[in-house]
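Visitor: Sequence plus the predicted model coming up.
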Amino acid sequence: MSKASNAKRRQLVVGNWKMNGNLRENASLLAEVVAGWQGEHKSDVVICPPYPYLMHTHSLLAGSAIMLGAQTVNQYDKGAYTGEVSASMLADLDCKFVIIGHNERRRMQGETDEQVAHQFVAVQQAGLTPILCVGESLQDREQGCHLETIGRQLNAVFAHTGKDVFKNAVLAYEPVWAVGTGKTATPEQAEEVHRFMRAQLPDLADEIRILYGGSVKAHNAQQLFALPDIDGALLGGASLDADEFLAICSAAD
Ligand code: PGA
């Protein structure tokens, strides 16, 4: 991919608050973020709070260009699934994006490639955009089979949906060993994987947005965003600090 085609894609910064925040902290964080992100921008910004705060976040983002997203979803539309939330419910709350396949859910909730594929379909059927996360473990990386793992995770969804539907999807590369650890993939490591992921969708190569996630901070964002195949970031820790978050959004802009 050339720099020229990269320039055609709008950068996207997604803040995943994970299981953090409360009404008071969220209100003060969002007041600062909204005040710092006024007017027109060349990039898109999304915030994904925990479920109980979706409505509150929605009202605090009213009138701003920042969009609402969710951190996960159930694959079914409704029924006896205690504790679960469907994509149509998220659409009802004006969510625009849903993170699926995050490595914390794959590892801690045991979500399988197959479930992730079903979630992908459910999100699109509800008219929302899935942000499909893939990434290798430290062991995969050390054994040099990181591309194989990522290929398998992507193929599990392709086998279920085909590739055309990725027109309305975002991909995210999150090396498991870099999430929340303070270790970032080097620009070369990240670019290698992003290029590989883009090559899996040759018909959409110019348009599919591929985010990097894993200890992105204000000090390393610029360098990552300058790479030809990186179209923004999926942030955990950095999305909980208004100054840090806004600095990263500005680096993408
Ligand atoms: P981190 O999390 O920025 O805290 O490393 C990234 C993620 O989980 O998306």
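Guide: Received it, and whenever you're ready, just let me know what you need. These figures come from a predicted structure and were not determined experimentally. Residues are numbered from 1 along each chain as shown.

Visitor: which residues does P130 contact?
Guide: F97, V98, I100, Q119, F120, V123, Q124, A169, V170 (Cβ atoms under 8 Å, 6 or more residues apart in numbering). All C-beta spots, glycine's among them, are computed from the backbone N, C-alpha and C.

Visitor: Distance-wise, check the fifth one relative to D44.
Guide: Separation of F120 from D44 (Cβ to Cβ, to the nearest Å) stands at 20 Å.

Visitor: Of those two, give the one with the bigger neighbour count.
Guide: Ranked by neighbour count (other Cβ atoms under 10 Å), F120 and D44 place F120 first, with 26 against 21.

Visitor: Need phi/psi at that one.
Guide: For F120, the backbone dihedrals (degrees, to the nearest 10) come out as phi -60, psi -50.

Visitor: Apart from its chain neighbours, what residue comes closest to it?
Guide: Once flanking residues are discounted, F120 sits nearest to P130: 4.9 Å by Cβ to Cβ, 6 or more residues apart in numbering.

Visitor: Would you mind giving both backbone torsions of the residue of the chain found nearest the ligand?
Guide: Nearest residue of the chain to the ligand, counting by Cβ to the nearest ligand atom: G236, 2.4 Å away. For G236, the backbone dihedrals (degrees, to the nearest 10) come out as phi -100, psi -100.

Visitor: what's the burial count for it?
Guide: The number of residues near G236, taken as other Cβ under 10 Å, comes to 20.

Visitor: Could you grab the helix/strand/coil label for V14?
Guide: Following DSSP: H, G, I helix; E, B strand; the rest coil, the label given to V14 is strand.

Visitor: So it sits against A238, correct?
Guide: No: taking contacts as Cβ atoms under 8 Å, V14 lies outside contact range of A238: 11.1 Å.

Visitor: Unless I'm misreading it, F166 sits right up against P202, doesn't it?
Guide: No: with contact defined as Cβ under 8 Å, F166 does not count as touching P202 (11.1 Å).

Visitor: Please say which of the two ends up with more neighbours.
Guide: When F166 and P202 are compared for neighbours, F166 comes out ahead with 23 against 9, by other Cβ under 10 Å.
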